[in-house]
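Student: Give me coordinates for this.
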Amino acid sequence: MVERARRLLADAEQALDDVHRQVQGLVGRVRLGASTGAIAHLLPQALEVLREHHPAIDIQIAVLTSNETLTRLADGTLDVGLVALPQPPAAGLVIKPWRRDPVMAFLPAHWQCPARLTPEWLAARPLILNDATTRLSRLTAEWFATGGHQPVPRIQLNYNDAIKSLVAAGYGAALLPHEATTPTPDSRVVMRPLRPALWRRLGIAHRTGHVERSTQHVLDALWDLRLA
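Tutor: Predicted coordinates for the structure are as follows:
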């Protein structure tokens with residue numbers, strides 16, 4: 001009887017500790033949606049911080065477009081989203097501006113090119129662009145249109161690291177966001193700023209109302225990257 005009582009007390013203490021950790025947000029599951037561009041370099045920095053300070057939070061990541069992310073936030077199957085801006089107001093959602101990163105031209109290093117690249121100059125070269133489902137595709141199309149151009153790319157992809165690999169192989173030039181903390185490109189690739197300048201803007205989205213503590217920890221870790 002004594003041994004059984006000890007086990008019951010230990011189980012009760014463990015249950016109380018589990019509840020306490022859940023209330024504090026030290027454990028829990030957070031479902032996050034983001035594009036491949038954000039996942040490649042920005043999200044890992046937040047995940048490293050969370051692993052160090054909140055290792056028991058289980059973060060489940062889905063690779064989604066901004067529209068898919070907002071839809072899943074609204075129906076409750078996601079908790080946090082990283083989305084391209086601007087976005088129209090959405091009932092039941094909070095969308096806060098997060099980052100503004102420059103879009104740069106990535107070119108094979110053996111190309112001869114000016115210090116700043118214009119729509120006219122790039123439209124005359126082979127291009128590797130993001131596919132038409134992405135906000136970046138629309139941004140770059142609008143940028144080329146400022147010079148009266150509608151170039152047809154050699155290939156369209158939705159994976160930035162694969163695009164950079166093709167640039168390194170000399171297949172063409174690409175227009176991609178560049179975060180300040182991103183590693184230096186392959187030596188076979190050079191970056192050049194655009195004229196006029198072009199920016200990729202991202203926001204953090206979540207549902208209105210009560211935010212679980214574990215979700216708030218994820219939001220805080222992401223928010224700390226807004227100036228990175």
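Student: which residue packs closest to residue 157, ignoring adjacent ones?
Tutor: residue 163 (5.3 Å; C-beta to C-beta, 6 or more residues apart in numbering). C-betas here are computed from N, CA, C, even on glycine.
Student: wait, isn't that neighbour in contact with residue 134?
Tutor: No - under the criterion of C-beta atoms under 8 Å, residue 163 makes no contact with residue 134, lying 11.5 Å away.
Student: Centre of the chain to the helix or strand containing residue 162, how far?
Tutor: Residue 162 belongs to helix 160-168 when assigned by DSSP states H and E. Centroid separation for helix 160-168 versus its chain: 18 Å, with C-alpha atoms, centre = their mean, to the nearest Å.
Student: List the buried residues of it.
Tutor: 160, 163, 164, 165, 166, 167, 168 (16 or more other C-beta atoms under 10 Å).
Student: quick one: the helices in the chain?
Tutor: 2-24, 36-53, 66-74, 119-123, 135-145, 160-168, 213-223 (DSSP state H).
Student: Save the ones you listed as a markdown table, and put in distance to residue 112 and mean pLDDT too.
Tutor: As requested, the helices of the chain are exported to a markdown table (distance: least, C-beta to C-beta, whole Å; pLDDT from 0 to 100):
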| stretch | distance to residue 112 | mean pLDDT |
| --- | --- | --- |
| helix 2-24 | 59 | 55 |
| helix 36-53 | 28 | 89 |
| helix 66-74 | 37 | 95 |
| helix 119-123 | 11 | 98 |
| helix 135-145 | 21 | 95 |
| helix 160-168 | 15 | 93 |
| helix 213-223 | 40 | 96 |
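Student: can you redo those helices as a markdown table with distance to residue 192?
Tutor: Listed next are the helices of the chain as a markdown table, based on distance: least, C-beta to C-beta, whole Å:
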| stretch | distance to residue 192 |
| --- | --- |
| helix 2-24 | 48 |
| helix 36-53 | 19 |
| helix 66-74 | 27 |
| helix 119-123 | 9 |
| helix 135-145 | 14 |
| helix 160-168 | 12 |
| helix 213-223 | 29 |
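Student: which stretch among those comes nearest residue 188?
Tutor: Go through the helices of the chain one by one with C-beta to C-beta and the one that ends up closest to residue 188 is helix 160-168, at 4.2 Å.
Student: Check what contacts the closest one and list those residues.
Tutor: 36-37, 40, 106-108, 128, 130, 155, 157, 172-174, 176, 185-186, 188-189 (C-beta atoms under 8 Å, 6 or more residues apart in numbering).
Student: could you give the angle of that helix to helix 135-145?
Tutor: Here the directions of helix 160-168 and helix 135-145 differ by 40 degrees (axes from the mean of the first three to the mean of the last three C-alpha atoms, to 10 degrees).
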